[in-house]
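Q: need the 3D shape of this:
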Amino acid sequence: MTLSEMRQLLETRDIQLTKSLGQNFLHDTHQLQRIAGAAELQPADKVLEIGPGLGPLTDHLLHQAGEVMAIEKDARLVQVLTERFKGNPALNLLHADALDLLKRDKRDWSEWKLVSNLPYSVASPILVELCQGALSPQKIVATLQLEVAQRLMAKPSGKDYGVLTLLVQLEYEPVRSFKIPAGCFFPKPAVDSACIVLERRSTLLLSDALRPVYVRIVKRAFSQRRKMMFKLLKQDWPPEVLDAVRERVGLSPQVRAEAVGLNTFVELTRLLTANPNATT
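A: Numbering: from 1, shown residues only. Sure thing, here's the model as predicted:
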């Protein structure tokens, strides 16, 4: 779908795009091909697309994958998509709020790939919701606000490293990312964009039972970014327990959360959970 076709379709149907829904549609064919290519789709693949809009990416996905589930919140666009892809048995089009649906429907996505130009306003919570252990998609290829993409790809001690980084990287390894110019979207967004590629880890770093403790540790550790991490953790765990655990993992009492790597947070979770004196 070219930019002129996109404009004409919106004008013909008198559709005024809604800024609050993050409706910035990617129309550049080269970028759409790059995104679909990054997903390494096979004819038997099942793909989840959130926020298909007018369907430019959907079209590419349907040509390369065996099944596409597209979730669109805007009823006007659902009608457009229904008419555009009428009779295509590979498309399962849902009219729903994707974030609400994911929270309600805890289905197994482990055999699916997420390939989407995500609505920027809800991209982070959608990704966190999907990253739930063994049930998460095998691969994520998502177009996001550049700032969010940088946080997902971040490493310790960088300014972008934080809670989102650690919640997603617990389940996924960042593979690569590439920028997408604002002019490739209609309407042109006020922010820069990037596509990220995440591969689900072949082995879970933590069991589902320990994940809530990990999330609690990470969120508490970053609750006041410039403060020493173990002082913050004392709000949830006894000082003597924290001191013992800190020494086991070889961290300084003055360390800040931004300097602590994923594997160390994982080890902290295991040790704090295993300690009979820990009040979690």
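
Q: residue at max distance from the center of this protein?
A: The centre of the chain is farthest from one residue, Glu240, which by Cα atoms, centre = their mean lies 36.6 Å away.

Q: quick one: Leu198 is in a helix?
A: No - counting by DSSP: H, G, I helix; E, B strand; the rest coil, Leu198 falls outside a helix, being strand.

Q: please identify the buried residues of the helix or strand hosting Arg220?
A: Using DSSP states H and E, Arg220 maps to helix 211-221. The neighbour-count check on helix 211-221 (16 or more other Cβ atoms under 10 Å) flags 211, 213-218, 220-221 as buried. The way it works is simple: take the backbone N, C-alpha and C, and place the C-beta from them, glycine included.

Q: next structured bit after that helix?
A: Heading C-terminal from helix 211-221 (DSSP H and E), you reach helix 229-233.

Q: what sits up against that following helix?
A: Residues outside helix 229-233 that contact it (Cβ atoms under 8 Å, 6 or more residues apart in numbering): 217, 220-221, 223-224, 242-243, 246, 251, 253, 255-257, 260.

Q: likewise for stretch 102-112?
A: The contact list for stretch 102-112, computed with Cβ under 8 Å, 6+ apart, reads 46-48, 69, 126, 129-130, 132, 134-138, 200.

Q: what about 7 Å?
A: 46-48, 126, 129-130, 134-138 (Cβ atoms under 7 Å, 6 or more residues apart in numbering).

Q: coming back round to it: show me what the helix holding Arg220 is packed up against.
A: Judged by 3 or more Cβ pairs under 7 Å, 6 or more residues apart in numbering; DSSP states H and E, the packing partners of helix 211-221 are helix 163-169, helix 229-233, helix 262-274.

Q: what about the helices in the stretch 51-200 of the chain?
A: Assigned by DSSP state H, counting those that start in this stretch, the helices in the stretch 51-200 of the chain fall at 56-64, 75-84, 98-104, 123-130, 146-153, 163-169.

Q: could you dump these to JSON lines with mean neighbour count?
A: Below are those laid out as JSON lines (neighbours: other Cβ atoms under 10 Å):
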{"stretch": "helix 56-64", "mean neighbour count": "20"}
{"stretch": "helix 75-84", "mean neighbour count": "16"}
{"stretch": "helix 98-104", "mean neighbour count": "16"}
{"stretch": "helix 123-130", "mean neighbour count": "20"}
{"stretch": "helix 146-153", "mean neighbour count": "20"}
{"stretch": "helix 163-169", "mean neighbour count": "21"}
